[in-house]
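> Sequence first, then the predicted structure, then my questions.
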Amino acid sequence: MSKENRALTSSVIECRKLNDSLHRRNLLTYQQGDGDTTSSAPIPSCITGNPIDDCWRCDPNWSQNRQRLADCSIGFGQGTLGGKGGRFYLVTDSSDDDAANPIPGTLRHAVIQPEPLWIVFSGDMGIKLRHELIVGSYKTIDGRGANVQITGHGCLTIQQVSHVIIHNVHVHHCKPSGNTLVASSPTHVGFRGVSDGDGISVSASHHIWVDHCSLGYCSDGLIDVILASTAVTISNNYFHHHDEVMLLGHDDRYTADTGMQVTIAFNHFGEGLVQRMPRCRHGYIHVVNNDFTAWEMYAIGGSANPTINSQGNRYTAPINPNAKEVTKRVDTNEKHWAKWNWRTDGDVMVNGAFFVPSGDGVSLAYARATSLQAKAAGFIDQLTVNAGVFGDPSGRNGQGGGFPGITDGGGTITRGYSKGGPGGGRSDSDGGLFSMIFGSNTNAAAAALRPGQVWSILFIILLNWYFSNHRR
């Protein structure tokens, strides 16, 4: 066989492999509706196999039922209601002038109301907090359709509450604040000490769901879950540019955290991260179908005998030959940690990454650290393709949400008066599925894709069509 023919044959084989891979994607089993039924029939291209996104994003009329999102939670935080069943609150004012007496129309005024609320935004907003934002029970902060940036001092505090959903917002450059009066309800203003500067701080709370957010550049942790918090799901987020990313568990001596259950699923741990993805104390932690693209020290760490169930993740080690290990036992020795239940199950190790397991290896030991069925790590790219805020070019997805209408979202919209004027900027029209995926501003969406990426996508589509129509 000539060299040219061998090259052609090799190209055909590679194309067939690519087509078979695409064909496997089309046959990927996925969950529908409430997750009780599955289908293995060919499915729409918007389906990724990610059970959260597949639950609502393919509905061209999802904007008419925003609260459907509350039915899509998974993992230990499944059943988190947020503001489901409550009124919509439209944030029209990005200011935060008075933490003790917030004005109507601001995010701070919305989150302290005593009733369930589904909080949405009138347009793109940069909200620079003066002090920590204390979020009450039964609240959803829904940033879909707007570019919402939350930054400043204190950031989000979820303390002694339940049923909170934080969805599709940027949280970054959070700094410590405090020694001041902050309102936690319309009738209560209390003195707050100095906060740590976390992006999102969860303490003594349950049924908390943080989904599709982008977090980076904070003074302390990006997300901390402490003080006997449980029933928490952290999913579809993009973490970047930070040292101590995530802490689960208050202190080695704080035994009330032994009942903590946290699911970490479908997240992209991206560039500029150092450690704690997460760092666990006590409790039961399910790390499932995440993409770890690099770290400087380690990815998964812990102390005080946490149970860590790592399933279907992809761990890509850094170049540094001394930082290839995924795991780190903190402030202990092997005599003690050898009995801790840490396992790797179906994970993919890239660039020399390795996971050091421990414990007896009996699957029964991981029953309380299992919150959903893991998918094969080979599907990580498609499962995490939309991780982060929709429309964020710095994340992986590069997909916008447009600005869907909210007038028919299933409840009355509460509109506060606006000190600074409406956030403005985007149409209330839905724009259909194309607008939902790429945003109403198609030029911005196109700018998020480099020319090489566009040609690659077109080439894959062409190959898929060719082999689908020329199979023997």
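Done, it's in.
> need the helices for the protein, in chain order.
Secondary structure of the chain (DSSP state H): helices at 3-26, 51-56, 107-111, 334-337, 380-383, 432-438, 442-447, 451-468.
> Least confident of those, on average?
Set side by side, those give their lowest mean pLDDT on helix 432-438, at a mean of 28.
> What score does residue 390 have for pLDDT?
For residue 390, pLDDT reads 89.
> Hmm, residue 212 and it touching each other?
Yes - using CB atoms under 8 Å, residue 390 is in contact with residue 212, at 6.6 Å. Where C-beta positions appear, they are placed from N, C-alpha and C, glycine not excepted.
> what residues do these two have in common as contacts?
Counting by CB atoms under 8 Å, 6 or more residues apart in numbering, the shared contacts of residue 390 and residue 212 are residue 168.
> how many neighbours does residue 354 have?
12 (other CB atoms under 10 Å).
> List the buried residues for stretch 242-251?
Neighbour-count burial for stretch 242-251 flags 242-250 (criterion: 16 or more other CB atoms under 10 Å).
> Which members of these occur in strands, if any?
Members of the buried residues of stretch 242-251 lying in strands (criterion: DSSP state E): 242-244, 246-248.
> Just give me the neighbour total for residue 101.
12.
> For residue 187, see how far away it is.
In this view, residue 101 and residue 187 are 12 Å apart by CB to CB, to the nearest Å.
> Could you do residue 80 as well?
Here residue 80 is placed at a distance of 26 Å from residue 187 (CB to CB).
> which regions of the chain sit below the pLDDT cut-off?
Per-residue confidence for the chain (pLDDT under 70) gives these ranges: 1-43, 393-472.
> can you do 80?
Filtered on pLDDT under 80, the chain yields the residue ranges 1-45, 361, 391-472.
> just to revisit the earlier point, go through the ones in strands among the buried residues of stretch 242-251 and name the one nearest residue 379.
residue 246 (23.4 Å; CB to CB).
> Kindly provide the distance from the residue lying closest to that closest one once chain neighbours are set aside to residue 98.
Leaving out its chain neighbours, the residue that sits closest to residue 246 by CB to CB, 6 or more residues apart in numbering is residue 278, at 3.8 Å. According to CB to CB, residue 278 stands 35 Å off from residue 98.
> Which one's more surrounded, these two?
Ranked by neighbour count (other CB under 10 Å), residue 278 and residue 98 place residue 278 first, with 29 against 15.
> Verify the contact between that one and residue 264 for me.
Yes - counting by CB under 8 Å, residue 278 does reach residue 264; the two are 6.5 Å apart.
> before we move on, back to that, out of the ones in strands among the buried residues of stretch 242-251, which is nearest to residue 126?
Closest approach between those and residue 126, by CB to CB: residue 242, at 19.8 Å.
> wait, isn't that closest one in contact with residue 220?
No - with contact defined as CB under 8 Å, residue 242 and residue 220 do not form a contacting pair (9.5 Å).
> one step back: any chance of the ones in strands among the buried residues of stretch 242-251 in JSON lines, plus distance to residue 381?
Converted to JSON lines, those look like this (distance: CB to CB, whole Å):
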{"residue": "242", "distance to residue 381": "23"}
{"residue": "243", "distance to residue 381": "27"}
{"residue": "244", "distance to residue 381": "27"}
{"residue": "246", "distance to residue 381": "22"}
{"residue": "247", "distance to residue 381": "28"}
{"residue": "248", "distance to residue 381": "26"}
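> So what does residue 277 have for phi and psi?
phi -130, psi 50 (degrees, to the nearest 10).
> Against residue 155, how distant is it?
From residue 277 to residue 155 the distance is 19 Å (CB to CB).
> and what of residue 290?
Distance, residue 290 to residue 155, by CB to CB: 23 Å.
> same question, residue 178
If you go by CB to CB, the gap between residue 178 and residue 155 works out to 12 Å.
> Give the residue from these two that has the larger number of neighbours.
residue 155 (31 against 15).
> what sits against the more buried one?
Going by CB under 8 Å, 6+ apart, residue 155 touches 129, 132-133, 171, 174, 197-201, 218.
> can you rerun that using 10 Å?
Applying CB atoms under 10 Å, 6 or more residues apart in numbering to residue 155 gives the contacts 127, 129, 131-133, 171-177, 195-201, 215, 218-220, 222.
> Spell out which residues make up each domain of the protein.
Domain segmentation of the chain under automatic domain parsing yields 3-43+442-468, 47-204+386-440, 237-385.
> Pipe these into a markdown table and attach distance to residue 231 per row.
As requested, the domains of the chain are exported to a markdown table (distance: least, CB to CB, whole Å):
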| stretch | distance to residue 231 |
| --- | --- |
| domain 3-43+442-468 | 17 |
| domain 47-204+386-440 | 5 |
| domain 237-385 | 6 |
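> And those domains: which comes nearest residue 228?
The closest of those to residue 228 is domain 237-385. By CB to CB, the value is 4.1 Å.
> Noted, bye for now.
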